[in-house]
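S.K.: following is a predicted model, sequence given first.
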Amino acid sequence: MFQGLARGYVALRGDTGQPQSASDTIDKLCDRLLNGSQLEDRRAALLGLKGLSRDWKSDVGSRALPILLGVLEEDAPEDVEIAKAVVETFSLLCEIEEVDGRPVRDDSGLRNTDVFLSTASPLHTLLNLLTSNHFYLRFFSLQLLGVLLANRSIQVQGHVLTAPGGVGRLVETLDDSREIIRNESLLLIIALTTSNADIQKLLAFEGAFDKLFAIVRQEGGIGSGGIVVQDCLAAIGGLLRWNVSNQNYFRETSCIPLLAPLLLFPQPPHTPQSLAAFAFQPWSEQKVINAGLVISLIRMLVGGAGSGRSGNQKALLTSGLTRCLSELALASNAPAVLKSQSLNALADILRLSPPNQEAFAALTVTPLIPPLLPSSHELTYSSGEDHGSHDRDQQQRPGHDGRSHDPSESRWHRGVPTLAVVATVALSVQGDGTPGREGLRVRAAAAGLFESYVANSTEIQLRILEAMAAPSPPPEPSDNPEHPPKPKVQTAGGILVQAIRVFPTPSRTEPMDSYSPFFASLLFSHLLLHSEVSKAAARAIYFTGDDAEPGGEGDEDERATLVSILVGNLMMAQREQAQSANAGAGPERGLEWSRVMIGYLIVLSIWLWESPATVKEFLSEGSNLQVLIQPITQSSGVDSAVQGLCAFLLGICYEYNREPGAITRETLYPILQSRVGPDQFVSRILRLREDPRFRSVGPNVLELVDEEDSLEDLSEEDGLWFDYAFVEFLKTNYISVQRAILLDPNATEPGRRSVDAAESTELVASLRSTIAIQGKDLEDLRAQIVSMEGERDQERGAFRNEVAKLTEQVVALQSEVTEARGDKQLADKEQEDLLVLLEELSAKRKADKARMREAQLEVSDDEEDDEDDSEE
C-alpha cells in the first residue's frame, strides 16, 4: 500500500520536485496507466485519476476517458481492485452536478456519459462485472448503471437488450444476501423498466416476479415490511404496466393468488373470527402505501380489454381477490384512501364480467360503524399492535378538542350483515362520515363500482328497479321475546328511491348534504341508460299520498310517480336556491342547490331520451314545462350548467313528444319559438359544453385524481358535478337536440333523424374493442418487427463477416494469381533467352566445323551427323 502511495507521489511531483499542473499530472498518470509494466504502478495511476476526477472532472474526462475505457474492457475482468477503481472513477466522471435541483448546463457528466455509451462494449463489460461476488465491485457497478440510466436512459436500455445474459445477471443480484446491494438492484430495475416493454419481458422471463415476491415475504409483507416492500411492489408494477405479455405471464405463472395474502386476507374457509381480525387490523402509514401498491397491481391486470382482461378477471375471482377487496372497502377500518382504491379496483374487476357481477350480488358483508370522531386517516397505528393495545390507545386517544373520549364513542363497531350491493349503495348515497376530499372519493368510488355492477346486465337493473317499486320488507322478529325486533332489512332499491324522494332540507344542527340526492340520481341514471325496458319498469314506481314507502293500494288519483317527484323536487330546489340567495346565505349554498338540481336533470334527461311514454308522463302536468323554461330565460341568478341542462331536457321533450297527450308537438313548438327562441336555446347548451366543470370530465372523474392530494375540505365549485357516462351521452346527442327545435312539428320520426344512442354506444364499444384488438395486434407486430430487425441485424452481421472473409480470400487468390503470372512471365523470358542462346551456339558450331573442313581438319562422326541433321 505504502509503495503505491509512494509511486503516486512520485507521479504527482515534477522533475525538480515542484507540484505540476492538473493537465500535466493527468497526462503523466495516463501515460503510466497506459504504458506501465508493473501492476502496482498502473493501480496507483488509476487511483490518482480517480482522486483528480472529483475536482477536475472535465479535464480527466477529455484526456483519460479513452484509456479508462480500455482499462475497463481489458483489465477490469482480470483484476478486482482495478475493476473497483475504474468503476468508481466512471461514476465520478458521469455524475451530473445539480444546483437547486436542476442539472448544470454544459456539465461534463453528460459528455462523459455519451462517450461511455458510444459503443455497447463498455456497458456489456459493466454488466459482466455483476457476476463478481466482491461487495464493493458489485455495489459500485450497480451505482454506475444507475448514473448512466439517469443520464441517458434510452441508450442504456438499448445496450442492455443487446448484452448476452445481461438482464439475467441483473436479476441475480436480487438474491444477494447483502441488503444494500439488493436494494440498489431494486432501484435500478424500477428505473430500467420505464417505457421499455422488451426489458420488462426479459426481466419477467428471467424470474423477476418470483424473486421480488420472495423479498416481500422475507421483509414481512406489507405490514412489517417498510420501504423495501414498497420498492418491490413498485418494481412489479413496472413490469406489468402497459405490458400485456407480462400480464398474461403473471397470470399463467400463478402469481395472482399471491396478491390476496399480501393484503393479509385470510385463507378460506372464512370464519367470522378471521374476517373480524381482517376488518379490525391496525394501519400504519407505510402499510397503507404498500397496500395501495398491491391494489394498483390488481388494477393493471384488469385495465385493458379483450381476452387477457377477461382471463385476469376470472383469475382474480377464483383467487378470492373480489371478496378481499369487497371486505376491505365495505367492512373494515381501513383508511378512506385505501377504501376508495379498493372500490375503484372492484369496479374494474366487475366491469363487463358476469361471473364477478353475480359473485358480488351474492356476497354478504358486515359493515363497520365508524367512530363518532372520524378522520381521514382513521385509526392509524403501528403494524405490530395487538387488539389490547388497540383498545388502550382508543381509551387514551384525544379528540379534536384535546380531550379524551370514551372508548365507546371512538371505536369502530360491527354492524348488521348486509348484501355488498346494499352496502355499496348506502356508502355512495349516505357516506361513512369521513369529511372532505377523502370522504367524497369514497362515495364517488362506490358510485363507480355500482356503475360497473349494473353495466350491460338488464337482469341486475330490473332486480334493483323492482326493489325500488316495492315497499321495504318488514323487520324480522327477534328470536328472544325480551330483545327488541331486528332492524329493518335494507335493499339497494329502497335506499335509492328514498334518497330521490326525500327532499334535502338543511337544518341548524346538521349541514346540507347535496351529494346524497346527487349520487342517488347518478346511480338511478345508470339503471336507465340505453334501456327502454328499465325505463318502463321505473315508470311503475309510485308513492300513494304521503306514504313513506313506494307502492300502496290507495286511490290512483293520489299516486305520485317518480317522474313527478323528480320534477317537484327540482322545482323546490329552484325555490330554495332563490330564497338562500335573497337571505344572503352565500355562494356555497347556491352551488349546493345547483348540484342537487343537476342530479335531478341528469336523471330526467336520460329517462326521457328516446322514451315517448316517459315524455308523455312528464308533459301531463303543464307546470312541468315552466320548471324548465324559467331557468333558461332567466338572465341572472341561475347556474349556467342548470340552464344548459334545462335546455337539453326541453329539447328532448320536443324531440320525443310522439304520443297523444295534453301537450303535443304542435302545442310545444310555438312556446319554444316565442319564449325561448332557437338562438338562446343553442347558446345555453353550448355554454354548458364550455363550462369547466363539464369540459374537464374524463373517464376517471369518479376517482377524483388531482395533483395536490389535499385532505382539506373541498370548495363546492371544486367538487363533483357530472360523471363520464352522462357527459358522453350529452356530447353524442346534443347536436340532434339542437336541430330538433328548428324542425316542423310534423317532421319525420326522431329515430330517422338522430343517432340511436343504444346503437351508438354498442358501435362505440365495438369500435373500442376492435381498437384494443388492433392495438394488441399492432404491439405483436411491433414485437415481431423488433425480433425480425434483430434477426436481420444478426444475418446482416453474419453476411458481412462472410463477405469480409470471402473478400480476404479473393484478395489472397488475386495476389497468388498475380505472383504466378509474374513467375510464368519470368520463366517464359528465361526460356526465350535460352532458345536464343542455343541458336547462337548452334550457328557458331556450324561455322567452326565449316572452318575446320576448310582447314582439312578432322571432324568427328557425331559432329558430321549433327551437321547432316541440321542440313536436312
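M.R.: Done, it's in. Residues are numbered from 1 along each chain as shown.
S.K.: buried stuff in stretch 414-423?
M.R.: Judged by neighbour count using 16 or more other Cβ atoms under 10 Å, the buried positions of stretch 414-423 are 418, 419, 420, 421, 422, 423. For every residue, glycine as well, the C-beta is placed using N, CA and C.
S.K.: dump the residues you listed to CSV, plus secondary structure, distance to residue 24 and pLDDT.
M.R.: Output for those, formatted as CSV (DSSP: H, G, I helix; E, B strand; the rest coil; distance: Cβ to Cβ, whole Å; pLDDT from 0 to 100):
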residue, secondary structure, distance to residue 24, pLDDT
418, strand, 84, 93
419, strand, 84, 94
420, helix, 79, 95
421, helix, 82, 96
422, helix, 84, 95
423, helix, 79, 95
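S.K.: among those, which two are most distant?
M.R.: The widest separation within the buried residues of stretch 414-423, taken as Cβ to Cβ, falls between 418 and 421 and amounts to 8.9 Å.
S.K.: can you map out the strands along the stretch 551-700 of the chain?
M.R.: Secondary structure of the stretch 551-700 of the chain, counting by DSSP state E, counting those that start in this stretch: strands at 559-561.
S.K.: list the contacts of the nearest residue to residue 87 once chain neighbours are set aside.
M.R.: Of all residues beyond its chain neighbours, the one nearest residue 87 is residue 140 (4.6 Å), with distances taken as Cβ to Cβ, 6 or more residues apart in numbering. If a contact means Cβ atoms under 8 Å, 6 or more residues apart in numbering, then residue 140 has 84, 87, 88, 91 as its contacts.
S.K.: please apply the same query to residue 534.
M.R.: Contacts for residue 534 (Cβ under 8 Å, 6+ apart) come out as 458, 461, 462, 465, 527, 528.
S.K.: now do stretch 188-203, average pLDDT.
M.R.: When pLDDT is averaged over stretch 188-203, the result is 92.
S.K.: mind listing what's buried in that stretch?
M.R.: Within stretch 188-203, the residues that count as buried by 16+ other Cβ under 10 Å are 188-193, 196-203.
S.K.: equivalent analysis for stretch 200-218, please.
M.R.: So for stretch 200-218, counting by 16+ other Cβ under 10 Å, buried means 200-204, 206-209, 211-213, 215-216.
S.K.: from those residues, which land in helices?
M.R.: Where those overlap with helices, as defined by DSSP state H, the overlap consists of 200, 201, 202, 203, 204, 208, 209, 211, 212, 213, 215, 216.
S.K.: would you map the strands across the stretch 301-450 of the chain?
M.R.: Under the criterion DSSP E, counting those that start in this stretch, the stretch 301-450 of the chain contains strands at 364-365, 368-369, 413-414, 418-419.
S.K.: next, format those as CSV and append distance to residue 604.
M.R.: Formatted as CSV, the entries for the strands of the stretch 301-450 of the chain read as follows, by distance: least, Cβ to Cβ, whole Å:
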stretch, distance to residue 604
strand 364-365, 33
strand 368-369, 35
strand 413-414, 39
strand 418-419, 29
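S.K.: what's the least confident stretch among those?
M.R.: For the strands of the stretch 301-450 of the chain, mean pLDDT drops lowest on strand 413-414, to a mean of 82.
S.K.: distance from that strand to the middle of the chain?
M.R.: Averaged C-alpha coordinates place strand 413-414 at 36 Å from its chain's average position (Cα atoms, centre = their mean, to the nearest Å).
S.K.: and if you look at stretch 792-811?
M.R.: If you compare the mean C-alpha spot of stretch 792-811 with that of the full chain, they lie 45 Å apart, counting by Cα atoms, centre = their mean.
S.K.: okay, buried residues for that stretch please.
M.R.: Buried residues in stretch 792-811, counted by 16+ other Cβ under 10 Å: none are found.
S.K.: repeat that for stretch 664-673.
M.R.: Within stretch 664-673, judged by 16+ other Cβ under 10 Å, the buried ones are 665, 668, 669, 672.
S.K.: which of these fall in helices?
M.R.: Of the positions in these, 665, 668, 669 sit in helices, assigned by DSSP H.
S.K.: any stretches of the stretch 601-750 of the chain with poor pLDDT?
M.R.: By pLDDT under 70, the low-scoring segments of the stretch 601-750 of the chain are 705-717, 747-750.
S.K.: again, 80 this time
M.R.: Using pLDDT under 80 as the threshold, the predicted model of the stretch 601-750 of the chain has low-confidence ranges 704-718, 744-750.
S.K.: spatially central residue for this structure, please.
M.R.: With distances taken as Cα atoms, centre = their mean, residue 241 lies nearest the centre of the chain, 5.4 Å away.
S.K.: do I have it right that that one meets residue 297?
M.R.: No - the pair residue 241 and residue 297 fails to qualify as a contact (Cβ atoms under 8 Å) at a distance of 9.4 Å.
S.K.: ok so, going back, next, format the contacts of residue 140 as TSV and append secondary structure.
M.R.: Output for these, formatted as TSV (DSSP: H, G, I helix; E, B strand; the rest coil):
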residue	secondary structure
84	helix
87	helix
88	helix
91	helix
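S.K.: same list (the residues you listed) but as a markdown table, adding distance to residue 858 and neighbour count.
M.R.: Below are those laid out as a markdown table (distance: Cβ to Cβ, whole Å; neighbours: other Cβ atoms under 10 Å):
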| residue | distance to residue 858 | neighbour count |
| --- | --- | --- |
| 84 | 103 | 23 |
| 87 | 102 | 25 |
| 88 | 105 | 20 |
| 91 | 107 | 19 |
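S.K.: just curious, which of those is nearest to residue 183?
M.R.: Closest approach between those and residue 183, by Cβ to Cβ: residue 91, at 17.3 Å.
S.K.: skipping adjacent residues, who's closest to the closest one in space?
M.R.: With Cβ to Cβ, 6+ apart as the measure, residue 144 is the residue that lies nearest to residue 91, at 4.8 Å, once sequence neighbours are left out.
S.K.: just say helix, strand or coil for that neighbour.
M.R.: Classification of residue 144 by three-state DSSP places it in helix.
S.K.: before we move on, the earlier item: got the buried residues of stretch 414-423 as CSV, with distance to residue 280 columns?
M.R.: Shown next, in CSV, are the buried residues of stretch 414-423 (distance: Cβ to Cβ, whole Å):
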residue, distance to residue 280
418, 18
419, 22
420, 19
421, 24
422, 22
423, 17
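S.K.: so how many other residues sit close to the residue lying closest to residue 142 once chain neighbours are set aside?
M.R.: The shortest distance from residue 142 to any residue that is not its chain neighbour, by Cβ to Cβ, 6+ apart, is 4.4 Å, and that residue is residue 184. If you count neighbours by other Cβ atoms under 10 Å, residue 184 ends up with 21.
S.K.: before I go, just wanted to say thanks for your time.
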